[in-house]
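Q: predicted structure and sequence below. I'll ask about it afterward.
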Amino acid sequence: MGQASVVVKGKCNEAYDLDNSYLTLYLLEDSIMPVEQNSAPKGYRHMHVIRYYNSTWGDKVEWNDDYSFEKKFDVDIFTGWEKKNLQFVAFLNGHNDNDYSDNKIDNAVGMRCSGVSGIDGMAADNESHQVARYTIEGMETTAPVSGLNIIKLSDGRTVKVLVK
């Protein structure tokens, strides 16, 4: 058995609901062959099988004064799990205990483990920065604009931010 240390970082603007934000981390495994599953077609593989999650609704986010957060997870990786088929997915979600229909995923990010040489040393704390920002219409802008902003990051990821 090994262990992965995953650091999830985030930042929001002052309009975000800090009081009702939760962070959920999943570890998923793809391409698992079925065992004694007679109805599965030849070559079938189970995808997105949950191997770990921190809690049903996530952990309450502890925000810093600059509207940022950082949370570290240490996740056991069991023998028999194929590292090349593992993926961590983090969800930042708004949670309403009084109305479950008001729960929503505000942002998500995923990271595959295939490029990691030693699972014990894995970390998802990439320092990335904005390289471009676009409006929902696809127009490039240099500053936040009201509405949905699409931000291209230096590590290749794209994030969507709602600016009020």
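A: Here it is on my side, so go on.

Q: contacting residues around the most centrally placed residue in the chain?
A: Compute the mean C-alpha point of the chain, and by CA atoms, centre = their mean the closest residue is Ala90, 2.3 Å away. The neighbours of Ala90, taking CB atoms under 8 Å, 6 or more residues apart in numbering as the test, are 6, 8, 23-26, 108-110, 124. Bear in mind the C-beta positions are built from the backbone N, C-alpha and C, glycine included.

Q: and those residues, which is closest to Glu14?
A: Leu23 (19.2 Å; CB to CB).

Q: pull the number of nearby residues for that closest one.
A: 22 (other CB atoms under 10 Å).

Q: mind checking which helix or strand it is in?
A: Element membership for Leu23, per DSSP states H and E: strand 21-29.

Q: just Asp76 next, same as before
A: strand 68-77.

Q: list the buried residues of that strand.
A: 69, 71, 73, 75, 77 (16 or more other CB atoms under 10 Å).

Q: for the residues you listed, work out which two are farthest apart.
A: Maximum distance among these (CB to CB): 24.5 Å, for Phe69 and Ile77.

Q: so the strand holding Asp76 versus strand 21-29, what angle?
A: Inter-element angle recorded for strand 68-77 and strand 21-29: 30 degrees (by axes from the mean of the first three to the mean of the last three CA atoms, to 10 degrees).

Q: need the contact partners of the least confident helix or strand in the chain by mean pLDDT.
A: Of all helical and strand segments in the chain, the minimum by mean pLDDT, DSSP states H and E falls on strand 158-163, at a mean of 76. The contact list for strand 158-163 (CB under 8 Å, 6+ apart) reads 13, 15, 107, 109, 144-153.

Q: give me the sheet partners of it and which way each runs.
A: Strand 158-163 pairs in its sheet with strand 147-153 (antiparallel), by DSSP bridges.

Q: need the contact partners of the strand it pairs with.
A: Against strand 147-153 from outside (CB under 8 Å, 6+ apart): 128-136, 141, 158-163.

Q: which residue packs closest to Ala40, ignoring adjacent ones?
A: Spatial nearest neighbour of Ala40, chain neighbours left out: Pro34 (4.5 Å); criterion: CB to CB, 6 or more residues apart in numbering.

Q: first-to-last residue distance for stretch 129-139?
A: 19 Å (CA to CA, to the nearest Å).
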